[in-house]
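> what's the 3D shape of this:
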Amino acid sequence: MRTWILAAALAALLAGSACSGSSHSSAAPRAFCDAASRYEDELQAEQTKGVRDDAKQLPLVERLAATAPASIRRDAQTFLDAMRRVAQDPHLRDNPAVKQAVDNVNRFASNRCGFFNQQPSGI
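Coordinates of the predicted model:
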């Protein structure tokens, strides 16, 4: 089964950025960080089980977009819109604008929510 690129990108970047050691001085809103953490947890659970559950992921990304601060809101909405449409348009998986938006959301969550501080194992 082909891994869904949007979900994989989020999981990989969150995990990879956790070890980067970079951070910003201002933290993200708690609601956004909680949403990002829940989404990451779901992706990890799905990866462990070897399944993808878009029905579980969608409401988590909806919450992520709804709680995104202004500086990342447009990218979070692009991510959400792509998730809603990817079943009908699989080419969105390779869309550079979507990939960039997902990367931006991931980077923001990693840097501003302190994920690298919460995961000493580097996962």
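> so where's the chain uncertain?
Residue ranges of the chain with pLDDT under 70: 1-25, 116-123.
> Burial check on A109, number of neighbours?
Neighbours of A109 under the rule other Cβ atoms under 10 Å: 27. All C-beta atoms are positioned from the backbone trio N, CA, C, and that covers glycine.
> for it, what are its contacts?
A109 is in contact with L14, A28, F32, C33, A36, F115, counting by Cβ atoms under 8 Å, 6 or more residues apart in numbering.
> Can you give me the buried ones in whatever helix or strand it lives in?
In this structure, A109 sits in helix 96-113 according to DSSP states H and E. Neighbour-count burial for helix 96-113 flags 98-99, 101-113 (criterion: 16 or more other Cβ atoms under 10 Å).
> wait, which of the residues you listed is closest to R74?
The closest of the buried residues of helix 96-113 to R74 turns out to be A101 (Cβ to Cβ; 7.7 Å).
> tell me the contacts of that closest one?
Taking Cβ under 8 Å, 6+ apart as the contact definition, A101 lies against R74, D75, A76, T78, F79, A82.
> For the fourth one, give me its contacts.
When contacts are counted by Cβ under 8 Å, 6+ apart, T78 is found next to A97, V98, A101.
> could I get those residues as JSON lines with distance to P90?
Output for those, formatted as JSON lines (distance: Cβ to Cβ, whole Å):
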{"residue": "A97", "distance to P90": "16"}
{"residue": "V98", "distance to P90": "12"}
{"residue": "A101", "distance to P90": "17"}
